[in-house]
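# The amino acid sequence is not available; the structure is as follows:
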């Protein structure tokens, strides 16, 4: 079982030794053409260099800890039309850095993913939203392909939610518009409000399904178990590749430090329970998450790899 973390690698001082840089659309548009090129090229190069340095740190860790989600701002503002035309001019200069990142990750068995943001809604009833969402998903896929992925089913994970008023029908329609490489990498995840686990299982013939066990609890007030028939369906959707689940818990102070919390007893709104904690402080929930022994776990907590490491050493001690 691999345990992963999302986007930001922290050192013992809780600082980011290899941070991604970003910029704003407003700043970018305020510059002349040469300044725009210099800005996004330098930030992109910085991010790729720091990504490889992060991988080098992961390669020093046990194999179980070699898993991460890459931040979406790897190439800042890529889908902004004024930036995209500039990227076409200099992106080939960055190909060697992409290749080095991918080659190193594969050589060291580092499992990788992206998670496009909440505004990527493939099932939206608004055609313009769908168009921008496909563009955003394809941007993430481009980065993965430049690193050498997208060649086989789920050699890289690009995870999205299936929210949107058109539901599975809209998702299926948009999925058909994606490049084959993107289709091979896409996964779909349940959320806390609009899209249940049963909803996303409709997509299991198209792509792999990710179960977020915290989202499921928030929506259903149910702690799904590894022997639930839906878990077997999820595993089947990965077609022999080891599946991934997402694990987070509600913020400290909202749920007890032990035992399975019951929303009807706690008496708070579901919205309160959605926010993620800093650390995994509830042993009962940790044991529950770790009982999904056929899965790798993406740890979605605010203290990133530090919290992930604590969960790892908790598991080692059991």
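Great, that's in hand. On a predicted model such as this, the values are computed, not experimentally measured, just so you know. Numbers count the residues shown, from 1 in each chain.
# Now do the helices in the stretch 51-200 of the chain.
For the stretch 51-200 of the chain, the helices defined by DSSP state H, counting those that start in this stretch cover 81-107, 127-146, 167-175, 180-185, 197-200.
# Just checking: what are the partner strands of the helix or strand just after the last one?
Pointing back at helix 197-200 there. Once the chain leaves helix 197-200, the next helix or strand it forms, by DSSP states H and E, is strand 208-212. Here strand 208-212 has these sheet partners by DSSP bridges: strand 186-189 (parallel), strand 244-247 (parallel).
# With mean neighbour count and distance to residue 155 as extra columns, can I get the helices of the stretch 51-200 of the chain in CSV?
All C-beta atoms are positioned from the backbone trio N, CA, C, and that covers glycine. Compiled in CSV, those are given as follows (neighbours: other Cβ atoms under 10 Å; distance: least, Cβ to Cβ, whole Å):
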stretch, mean neighbour count, distance to residue 155
helix 81-107, 15, 9
helix 127-146, 19, 9
helix 167-175, 18, 18
helix 180-185, 19, 7
helix 197-200, 20, 21
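# I'd like the ones you listed as CSV, with mean pLDDT and distance to residue 211 appended.
CSV is the format used below for those (pLDDT from 0 to 100; distance: least, Cβ to Cβ, whole Å):
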stretch, mean pLDDT, distance to residue 211
helix 81-107, 97, 24
helix 127-146, 97, 20
helix 167-175, 96, 16
helix 180-185, 98, 18
helix 197-200, 96, 6
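# out of the ones you listed, which comes closest to residue 73?
Each of the helices of the stretch 51-200 of the chain has some distance to residue 73 by Cβ to Cβ; the shortest is helix 127-146, at 10.6 Å.
# Next, the angle from that closest one to helix 81-107.
Interaxial angle, helix 127-146 versus helix 81-107 (axes from the mean of the first three to the mean of the last three Cα atoms, to 10 degrees): 40 degrees.
# just to revisit the earlier point, any idea which of the helices of the stretch 51-200 of the chain gets closest to residue 284?
Smallest distance to residue 284 across these (Cβ to Cβ): 21.0 Å, for helix 197-200.
# quick check, residue 214 in a strand?
No. Checked against DSSP: H, G, I helix; E, B strand; the rest coil, residue 214 lies outside a strand; its state is helix.
# do you know how far it is from residue 77?
To residue 77, residue 214 is 31 Å away according to Cβ to Cβ, to the nearest Å.
# again with residue 318
Distance, residue 318 to residue 77, using Cβ to Cβ: 45 Å.
# Residue 296 too?
31 Å.
# circling back: Serialize the strands paired with strand 208-212 to TSV and add fields for mean pLDDT, distance to residue 119 and mean neighbour count.
Below are the strands paired with strand 208-212 laid out as TSV (pLDDT from 0 to 100; distance: least, Cβ to Cβ, whole Å; neighbours: other Cβ atoms under 10 Å):
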stretch	mean pLDDT	distance to residue 119	mean neighbour count
strand 186-189	97	15	24
strand 244-247	98	19	24
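# Which among those is found nearest to residue 196?
Comparison of the strands paired with strand 208-212 against residue 196 by Cβ to Cβ identifies strand 186-189 as nearest, at 11.2 Å.
# Now render the strands paired with strand 208-212 as JSON lines, adding distance to residue 257.
Formatted as JSON lines, the strands paired with strand 208-212 follow (distance: least, Cβ to Cβ, whole Å):
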{"stretch": "strand 186-189", "distance to residue 257": "27"}
{"stretch": "strand 244-247", "distance to residue 257": "17"}
